[in-house]
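Q: Below: sequence and its predicted model.
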Amino acid sequence: MSKPKAPWLKHFGDIPETLEYPDGSMYEAIKYAYETHLNGNGYNNAAYEFQGKKTSYPEFFKKIDRIARAFKALGIEKGDTVTVCMPNAPQGVDTFYALNRISAVPAMIHPLSAPGEIKFYVTHTHSKAVLVLDMFYEKVLDALKDVDYEVKVIVAHIKDELPFPLNLLYPLTVKDKPAPLPADNKNVIDWKDFIAGGKAVEELPDTYPAKEDTAIILFSGGTTGTSKGIELTNLNMNALGYEVAAGAGFTMTGLRMFSVMPLFHGFGLGVGIHTALVNCATCILIPQFTIKTYAKDVKKYKPNVIVGVPTLFEALLRSDGFDGVDLSFLKGVFCGGDSLSIELKKKVDAFLKEHNAKVQIREGYGTTECVTASCLTPHDFFREGSIGIPFPDIYYQIVDPNTDKELPYGTEGEICISGPTVMKGYLNNRSETASTLRTHSDGNVWLHTGDLGTMDEDGFIYYKQRLKRLIIVSGVNVYPSQVENTIDAHPDVLLSCAIGIPDPYKMHKVKAFVVLRPGVEPSDKIKDEILEHCKQEISRYAMPREIEFRTELPKTLVGKVAYRKLEEEEEAKAKAAAEAAE
């Protein structure tokens, strides 16, 4: 299997080659961690903190059991699915583990999903209930109008989890008040009534899900394609938590994780929540991320670990609230979910150094089909352009996309991953599962990521681009990330996105959308400077033929730049121009 045993191990001897993983459920893994590391060992850190209110690990387990009884009273049994449509709030986290406690399956979705999407998620998973925040419940009811079976809707409230006096003041700060719950709909249940109903259940099951059982359903999605339900097992989630801790290079027990990435995302749930909890850290639950509150929250909660997508770290640079702030409490800053440009890394590293942090931003890579990260930049050894080395027990192959044949070191091909975090499969989609999980000539099952990359002889992985995100100019492949990295290096540029647009001669040409730094106004001078810089760094085939300045770029629900939206805009403009010409 393709994971060099040498010479990279001599550089990173503190990272073990293999780990031992729990045989049971996610719930059991957290319980074991608490009993082994916290209980009676001098630690008194909370399981999570929400808006200043701390929930201890013993109270966390009590809440899990209380909610598990409520779901049992509602008729949720082993193998049943419940859709969880929540921000990073205690009810969402508690419910996630309560369902695991009774061998049911949470399907995590974005609370801002459109009604049509919610209907798809609920029916595709055949969910028997939906947990939703009060401000979104009407949308859920709208989505369920055309669902041909009964679905219970449990409505939670942020104010119920706030400390005094915030719980009294919060309703006064909400501009758009949620509508009262309908008295004539027996399928809509207030959270307090839901919990009260659980008192009728005296005993919970004394058995737990097996490691190979489906523990959670996440949905692929973002820029292209039809959304697919990804079945992840207890082993997938637990292995991730152990692997991230091993790759981090520091002990997580007792630390504070800035849990700002959303629950519906593998990165947010797998690293921001579960990794923290199976290592007895504290999750700082941030329900809504904004540039305005970023600095305030970091200063207030002093997290030791921050995880996020590149846009979160762009916000770090934009925020004006970090002047003079000492960030020496940071032990780990991790970026994933999208490609971190070399230039953005340099800017974030400089920012961290200026603020007395002893760490640099470390990039990881993965897909939701293996929960999230599967490799990470080592804590003390950075190789420019690399996304790091595989976690323990994770193996990489770079293969010819047409033949699945493994390619030599340094040769570009499709990135494939094998290991304990690789998904069980796509829900009710055998054909997609078969095309994504393939058995290679070595007899092992490999996850085909659809991403292009290379591996060097030391085991470092280099991500190039999505297989489908190529711009072909006069028959020559152009990688948008190369163009974006070059443009981002300009001191006045905050963010860029390169796409291919139709060209009558070359088939396609490169167009770049550019967001300038705050306070910098678009001008022909800056445009000329960007083009001149590009001439020095990239081939003439990759040169942008058009540059359009924007105040912001469209984003997917998980914060990635939605390049498909930009492509669709250009396609619509081209079509309109063609019709006008006729």
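A: Structure's in. What do you need? Since the model is a prediction, treat every value here as computed from it, not as a measurement.

Q: Now do the strands in the stretch 1-150 of the chain.
A: Taking DSSP state E, counting those that start in this stretch to define them, one finds strands in the stretch 1-150 of the chain at 48-50, 53-55, 81-85, 105-108, 129-133.

Q: Nearest approach to Ser319 belongs to which of the ones you listed?
A: Of all the strands of the stretch 1-150 of the chain, strand 48-50 sits nearest to Ser319, with 21.2 Å by CB to CB. The C-beta positions use only the backbone N, C-alpha and C, and glycine is treated the same way.

Q: what sits up against the closest one?
A: Contacts of strand 48-50 with the rest of the structure, by CB atoms under 8 Å, 6 or more residues apart in numbering, involve 54-55, 60, 89-90, 93, 161-162, 256, 259, 282-285, 287, 301.

Q: what does stretch 245-252 give?
A: 14-16, 19, 275-276, 278-281, 305, 331-332, 376, 378-380, 391-392.

Q: please redo it, this time with the cut-off set to 7 Å
A: Stretch 245-252 is contacted from outside by 14-16, 19, 275-276, 279, 281, 331-332, 376, 379, 391-392, using CB atoms under 7 Å, 6 or more residues apart in numbering.

Q: Quick one: distance of it to the chain centre.
A: In terms of CA atoms, centre = their mean, to the nearest Å, the centre of stretch 245-252 is found 19 Å from the chain centre.

Q: Name the residues of stretch 533-543 that come out as buried.
A: 534, 538, 541-543 (16 or more other CB atoms under 10 Å).

Q: JSON lines for these, including pLDDT, secondary structure and distance to Ser220?
A: Below are the buried residues of stretch 533-543 laid out as JSON lines (pLDDT from 0 to 100; DSSP: H, G, I helix; E, B strand; the rest coil; distance: CB to CB, whole Å):
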{"residue": "Cys534", "pLDDT": "87", "secondary structure": "helix", "distance to Ser220": "33"}
{"residue": "Ile538", "pLDDT": "79", "secondary structure": "coil", "distance to Ser220": "31"}
{"residue": "Tyr541", "pLDDT": "77", "secondary structure": "helix", "distance to Ser220": "32"}
{"residue": "Ala542", "pLDDT": "84", "secondary structure": "helix", "distance to Ser220": "29"}
{"residue": "Met543", "pLDDT": "90", "secondary structure": "coil", "distance to Ser220": "33"}
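
Q: quick one, what contacts Tyr137?
A: Tyr137 neighbours (CB under 7 Å, 6+ apart): 153, 155.

Q: What distance do you get for it to Lys152?
A: 12 Å (CB to CB, to the nearest Å).

Q: can you pull out the strands in the stretch 401-550 of the chain?
A: 413-418, 425-426, 437-439, 445-455, 461-466, 471-473, 476-478, 493-503, 507-516, 544-550.

Q: Relative to Arg69, which of the ones you listed is closest?
A: Of all the strands of the stretch 401-550 of the chain, strand 425-426 comes closest under CB to CB, at 31.4 Å.

Q: Return the mean pLDDT over that closest one, rounded to an integer.
A: Averaged across strand 425-426, pLDDT comes to 96.

Q: first to last residue in stretch 384-395, what's the distance?
A: Stretch 384-395 has an end-to-end distance of 21 Å (CA to CA, to the nearest Å).

Q: isn't there a strand covering Phe194?
A: No - going by DSSP: H, G, I helix; E, B strand; the rest coil, the assignment for Phe194 is helix, not a strand.

Q: picking up where we left off before, now the buried members of the contacts of stretch 245-252.
A: 15, 275-276, 279, 281, 331-332, 376, 379, 391-392.

Q: secondary structure class for the residue nearest the centre of the chain?
A: Geometric centre of the chain, nearest residue: Phe267, 3.1 Å, by CA atoms, centre = their mean. When classified by three-state DSSP, Phe267 comes out as helix.

Q: same check, this time on the one 4 residues further on
A: Counting by three-state DSSP, the backbone at Val271 sits in helix.

Q: in the sheet, who's paired with the residue nearest to it when sequence neighbours are not counted?
A: Among residues not flanking Val271 along the chain, Val307 sits closest, at 5.2 Å (CB to CB, 6 or more residues apart in numbering). In this entry, Val307 is beta-bridged to Phe334, by DSSP bridges.

Q: Begin at 56 from now on, thanks
A: That works, and once the first residue is 56, the last one we named lands at Val362.

Q: In the stretch 406-555 of the chain, where is pLDDT below threshold?
A: 529-531 (pLDDT under 70).

Q: the helices in it, which residues?
A: Along the stretch 406-555 of the chain, the segments classed as helices by DSSP state H, counting those that start in this stretch run 485-491, 535-543.

Q: now, of these, which is deepest in the fold?
A: Most buried of the helices of the stretch 406-555 of the chain, by mean neighbour count (mean count of other CB atoms under 10 Å): helix 535-543, with a mean of 22.

Q: Residues contacting that helix, please?
A: 394, 396-399, 520, 524, 526, 548, 551-554, 565, 567, 569, 585, 588-589, 592-593, 597, 599.

Q: re the thing from before, name the nearest of the contacts of stretch 300-307 relative to Lys86.
A: Taking the contacts of stretch 300-307 together and measuring to Lys86 by CB to CB, the closest member is Asn334, at 13.4 Å.

Q: Distance of the closest residue to the closest one other than its chain neighbours relative to Lys354?
A: Among residues not flanking Asn334 along the chain, Met307 sits closest, at 3.8 Å (CB to CB, 6+ apart). Per CB to CB, Met307 is found 22 Å from Lys354.

Q: Look at these two and report which has more neighbours.
A: Each of Met307 and Lys354 has its neighbours counted (other CB atoms under 10 Å); Met307 has more, 24 against 13.

Q: ok but the more buried one is inside a helix, no?
A: No - checked against three-state DSSP, Met307 lies outside a helix; its state is coil.
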